[in-house]
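K.L.:
Just to be clear, the model below is a prediction. Sequence and coordinates:
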Amino acid sequence: MQKIAIIPISDAGKDIASDLCRELKAKVIERSEVGKQWKNFNGFIFIGAMGICVRTIAPYIKDKHEDPAVVCVDTFGQHAVSVLSGHIGGANDLTSEVAAILGARAVITTQSDNAGLWALDTLAERFNWAIASEDDMNECIYAFVNKRPTALLMEVCDEGTDYLEKTLPDHVTIVKSLAEVDPAHYSLVIIVSPYNLCAPAGILELHFVPMIASLGFGLASHPDDYMDIYDQIDETLSRIGILPCYKHYCTIDVKADEEFIDVLEDYGEEVVFYSAEELAKVEVPNPSDVVNKHVGTPSVCEAAAILGSNHGKLIVPKVKGKNWTAALAIDYKYLREEKGHIEIVGAGPGDPDLVSVRGRKVLERADLILYAGSLVPKELTDCHKAGAMVRSSADMSLEEQCDLMKRFYDQGKYIVRLHTGDPCIFGAIQEQMAFFDRQGMDYHITPGISSFLAAAAELRSQFTIPERCQTIILTRGEGRTPMPEKEQLHLLARSQSTMCIFLSAAIVDEVQKELLMEYPEDTPVAACYHLTWGDQKIYRGKLKDLAKIVHDNHLTLTTMLVVGEAIDNRHGLSELYNKHFTHLFRKGEA
C-alpha cells in the first residue's frame, strides 16, 4: 500500500498539496522532517523548486532498491517531475498519477519509458514474478534499451506474458526453446518459466519465474525437522528442474495445527486446506492405502496440488522426503499448447468498443473465433491475430459448431465462442456447455454488457426510480419457445416494473395484448433496433401503439422492447437522496 508524504516548500504550494492529499490519501509533512521520515514513506512529493528538493533528499539517498520514490511539482502545478527511484521505487508511476490529478505534464527521463520499452527491473514486482538468475540487471537493461537483439522465451501464459506479447518491441524475437538462441545472433535472452533453464554461454540472461503453481504436501505427525522442510522441498524440486514457483501450498485440513504451517505463514506463504472428502474425490496416479487408513483419503499431496490448481496438470507427481511428501500442479490456463481452452465471450450490444477489456484480450489471443454471425457484427472480430480462423455460426448446426470447436480444442488451441450481449441472458449457451461437460473440455465465460443496459444508456433513462420503480424484468414473449405458466407476460406485468422484452418483435401483437392487461395504455414504450450498431434506430411511443410502431418500421428479432414509466422519467426523485445520501455528491453540490 502506498504511503505518501507531501512537502509544500512554501505557502504557494498549499492548494496543490491539499488536492494531492485528498486524492492520494497522503500526509503533509514539513521539509525539516524528511530525514526522520525517509524510511517511513513509499514516496515523497515536493511542491516547489527542484533545487530545494534535491538538496533536501541528497543526504539520505543510498540505493535504488531501497530509496523511496521522489517527485517534484512546481508551485503552478504545470509539471510533475520524476526525481528519484523512477522504476523500482515507483517514482515514474507516481509522477504519472500526480500529473493526472493536477492536469500537469509528466516529466520522466528514463530511457525505456521514453522509448516505449519494457522496464525490465519492474516486471517482477508488477506481475508477481521471482527472478531466478540474472546477469547484472543493469547490463541487461543497457543491452535492452539500446535495442540489442533480444530473444524472449515464454513457457507459460499469464498476465505478464500477455503484456509482453502485446507490446513486443521490434528488436525482440519470441523463441520456442533455448536451442534457437544463438549467441551469434542475440545479446540477451529473457526467460519466463518455472523450469530451471540455462542460457547458452556468451549471452546475457534474465530469468523470471511466474508464481503459478500449487504445491500439495503431506506431513508426518509433528515432524522433528519441521524447520527444514521448507528448504528441503525447494531443494528436491530443484533437482527435478523446477524452481520455486508456488502461489500457494495445499494440504489436508487435519494438519492445520502442525508447526510447519506456522513456518509457512511466517514466510508469508498462503496455505489452503482441503477436507479428506474433497481430496478423496480426486483421481491421482499414486494413491496410498496407508494414507487412506490414517486420514481417510488415498492421496494428500497429489490431490491437494490438483485441487489447488483448479484441476490442472500434475507437473511433479508425489516425491518423498524424510517426513513429508510433495507434488506440484499448474492450472491449464497457464500452460502453453498443453490443452485446449474455450472462452465463451459476451460481445456486448454490438458496438466493437463496448466489448469488455477481457473480451478484447481473448479475441486477440484466439486461434479460432466462432461468432454468432446473425446477431454479432463481424467488426468485433477484426482484432484477431494473424493466422486465426474466424467463422460465423449463422449457417451451422449445433453439431457442426461443437465439432469445429472440438477439433481445435484437441489440437491444444484457444477458442473464443462469441455470443451476443451477455451470453448468460438468452445466450443459447446451455447446450454447448452440456457438450463441453460431456467431453471434459475446459471452458470459462467472460460476461458482456447486455443490450438492456445499452437500451437504458441510449434512451438516457434510469430504469429504476426511487419510490416508483425499483425492479427491472428481463423476459421474452411466448413464441416457438413456450414460457412457463408462472412467467406469462401479463403476470409479470402486474408489478408495472420496467420490463425489457427480448426476442419478441415478431410476436409484438400478442406482447402488446398481454401488457395492456396490467399497464395503462399511455405507459411509455421504446422499440430499440440494433442497439449501438451503426444502423441503430429507436422509436418511442405509448403502449397502445407499440405493435403499430414495430410493424410500420419493419423491425426484426434484433429489437428490444422496453416498457415502463422509467423511460425518459426525470421526476419522482426521492427526498431520501437529498437528506441522507449527500455522500453521493461533492461537498457543496448536494
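P.N.:
Thanks, I have the structure now.
K.L.:
Only C-alpha atoms from now on, for both contacts and neighbour counts.
P.N.:
Will do.
K.L.:
What number of residues are in the vicinity of G216?
P.N.:
31 (other C-alpha atoms under 10 Å).
K.L.:
beta partners of it?
P.N.:
The partner list for G216 in beta bridges (DSSP bridges) reads C250, A327.
K.L.:
my guess is it meets V300, correct?
P.N.:
Yes. Counting by C-alpha atoms under 8 Å, G216 touches V300, with 7.2 Å between them.
K.L.:
who touches both of these two?
P.N.:
Applying C-alpha atoms under 8 Å, 6 or more residues apart in numbering, one finds that G216 and V300 are jointly contacted by T251.
K.L.:
mind listing what G35 touches?
P.N.:
Contact criterion C-alpha under 8 Å, 6+ apart gives I57, Y60 as the residues in contact with G35.
K.L.:
Quick one, grab the pLDDT at it.
P.N.:
Taken from the predicted model, the pLDDT recorded for G35 is 93.
K.L.:
which element is it on?
P.N.:
Here G35, judged by DSSP states H and E, is contained in helix 34-37.
K.L.:
Any buried residues in that helix, and which?
P.N.:
With burial defined by 16 or more other C-alpha atoms under 10 Å, the residues of helix 34-37 counted as buried are V34.
K.L.:
Tabulate the CA atom coordinates of whatever helix or strand comes next after it in PDB.
P.N.:
Remark: after helix 34-37, the chain's next helix or strand is strand 43-47, criterion DSSP H and E. What follows is strand 43-47 as a C-alpha-only set of coordinates in PDB (Å, rounded to 0.1, in the frame of the first residue of the first chain):
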ATOM      1  CA  GLY A  43       7.100   8.300  -1.700                       C
ATOM      2  CA  PHE A  44       7.700  12.000  -1.200                       C
ATOM      3  CA  ILE A  45       6.100  14.700  -3.300                       C
ATOM      4  CA  PHE A  46       7.800  18.100  -3.100                       C
ATOM      5  CA  ILE A  47       5.900  21.200  -4.300                       C
END
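K.L.:
What are the buried residues along the next helix-or-strand element following strand 43-47?
P.N.:
Beyond strand 43-47 in the direction of the C-terminus, DSSP H and E gives the next helix or strand as helix 50-57. For helix 50-57, a neighbour-count test (16+ other C-alpha under 10 Å) marks M50, C53, I57 as buried.
K.L.:
Tell me who's in contact with the second one.
P.N.:
Contacts for C53 were tallied using C-alpha under 8 Å, 6+ apart; they are F46, C72.
K.L.:
Relative to S32, how far out is it?
P.N.:
Using C-alpha to C-alpha, to the nearest Å, one gets 12 Å for the distance from C53 to S32.
K.L.:
re the thing from before, using CSV, write down the CA coordinates of the helix holding G35.
P.N.:
Written as CSV, here are the backbone C-alpha positions of helix 34-37 (Å, rounded to 0.1, in the frame of the first residue of the first chain):
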residue,chain,number,x,y,z
VAL,A,34,12.1,14.4,5.6
GLY,A,35,15.3,12.9,7.1
LYS,A,36,13.4,11.4,10.1
GLN,A,37,10.6,10.1,7.9
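K.L.:
For it, what is the distance to the chain centroid?
P.N.:
Mean-position distance between helix 34-37 and its chain equals 38 Å (C-alpha atoms, centre = their mean, to the nearest Å).
K.L.:
where does this protein dip in pLDDT?
P.N.:
Within the chain, the stretches falling below the threshold (pLDDT under 70) are 1, 111-115, 134-135, 337-338, 571-590.
K.L.:
Spell out for me which residue occupies the centre of it.
P.N.:
When the chain is reduced to its mean C-alpha position, the closest residue under C-alpha atoms, centre = their mean turns out to be R358, at 6.5 Å.
K.L.:
show me the contacts for that one.
P.N.:
When contacts are counted by C-alpha under 8 Å, 6+ apart, R358 touches T446.
K.L.:
go with 10 Å
P.N.:
The neighbourhood of R358, defined by C-alpha atoms under 10 Å, 6 or more residues apart in numbering, consists of V345, E364, T446, P447, G448.
K.L.:
hang on, it in a strand?
P.N.:
No. Secondary structure assignment places R358 outside any strand; it is helix (DSSP: H, G, I helix; E, B strand; the rest coil).
K.L.:
so how far is E125 from it?
P.N.:
As it turns out, when the distance is counted by C-alpha to C-alpha, R358 lies 22 Å from E125.
K.L.:
what residues does stretch 266-280 touch?
P.N.:
Around stretch 266-280, the neighbours that count as contacts under C-alpha under 10 Å, 6+ apart are 214-216, 230, 246-256, 260-265, 287, 292, 295-308.
K.L.:
From the residues you listed, keep the buried residues only.
P.N.:
214-216, 246-252, 255, 260-264, 287, 296-308.
K.L.:
can you count the residues close to the nearest residue to D331 once chain neighbours are set aside?
P.N.:
Leaving out its chain neighbours, the residue that sits closest to D331 by C-alpha to C-alpha, 6 or more residues apart in numbering is G312, at 4.0 Å. The number of residues packed near G312 is 21, by other C-alpha under 10 Å.
K.L.:
which residues in the stretch 201-350 of the chain form helices?
P.N.:
Listed in chain order, the helices of the stretch 201-350 of the chain (DSSP state H, counting those that start in this stretch) span residues 226-240, 259-266, 276-280, 289-295, 301-308.
K.L.:
Between the ones you listed, which one is closest to A69.
P.N.:
Put simply, out of these the one that sits nearest A69 is helix 259-266, at 28.2 Å, with distance taken as C-alpha to C-alpha.
K.L.:
got the angle for that closest one vs helix 226-240?
P.N.:
Using axes from the mean of the first three to the mean of the last three C-alpha atoms, to 10 degrees, the inter-axis angle of helix 259-266 relative to helix 226-240 is 70 degrees.
K.L.:
re earlier: among the contacts of R358, who's most crowded?
P.N.:
V345 (28 neighbours).
K.L.:
Wait, that residue touches H419, no?
P.N.:
Yes. Using C-alpha atoms under 10 Å, V345 and H419 qualify as a contacting pair, with a distance of 6.0 Å.
K.L.:
Who does the closest residue in space to Y371 that isn't next to it in sequence form a beta bridge with?
P.N.:
Nearest in space to Y371, with sequence neighbours left out and distances taken as C-alpha to C-alpha, 6+ apart, is L418 at 4.4 Å. Applying DSSP bridges to L418 yields these beta-bridge partners: V345, Y371.
K.L.:
Isn't L418 up against A394?
P.N.:
No. Taking C-alpha under 10 Å as the definition, L418 is not a contact partner of A394, at 11.8 Å.
K.L.:
Between those two, which has more neighbouring residues?
P.N.:
Neighbours around L418 and A394, counted as other C-alpha under 10 Å, are more numerous at L418. The numbers are 26 against 14.
K.L.:
Find the residues that touch each one of C53 and S32.
P.N.:
By C-alpha under 10 Å, 6+ apart, the residues touching both C53 and S32 are I7.
K.L.:
How about the contacts made by T471?
P.N.:
Applying C-alpha under 10 Å, 6+ apart, one finds that T471 lies in contact with F463, T464, I465, S495, Q496, S497, T498, M499.
K.L.:
now T471: how far from R494?
P.N.:
With C-alpha to C-alpha as the criterion, T471 and R494 are 12 Å apart.
K.L.:
What ranges does the stretch 51-200 of the chain have for its strands?
P.N.:
Counting by DSSP state E, counting those that start in this stretch, one finds strands in the stretch 51-200 of the chain at the ranges 69-73, 79-84, 105-107, 129-134, 150-154, 172-175, 188-192.
K.L.:
Ignore what I typed, I meant the stretch 301-450 of the chain.
P.N.:
Across the stretch 301-450 of the chain, reading from the start of the chain, the strands by DSSP E, counting those that start in this stretch fall at 313-320, 324-330, 341-346, 368-371, 389-392, 414-419, 443-446.
K.L.:
quick one on the thing from earlier: so for V345 and H419, which residues contact both of them?
P.N.:
Looking at what touches both V345 and H419 (by C-alpha under 10 Å, 6+ apart), the common residues are Y371, P447, G448.
K.L.:
so can I have TSV of the residues you listed showing distance to A99?
P.N.:
What follows is these, written out as TSV (distance: C-alpha to C-alpha, whole Å):
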residue	distance to A99
Y371	41
P447	34
G448	33
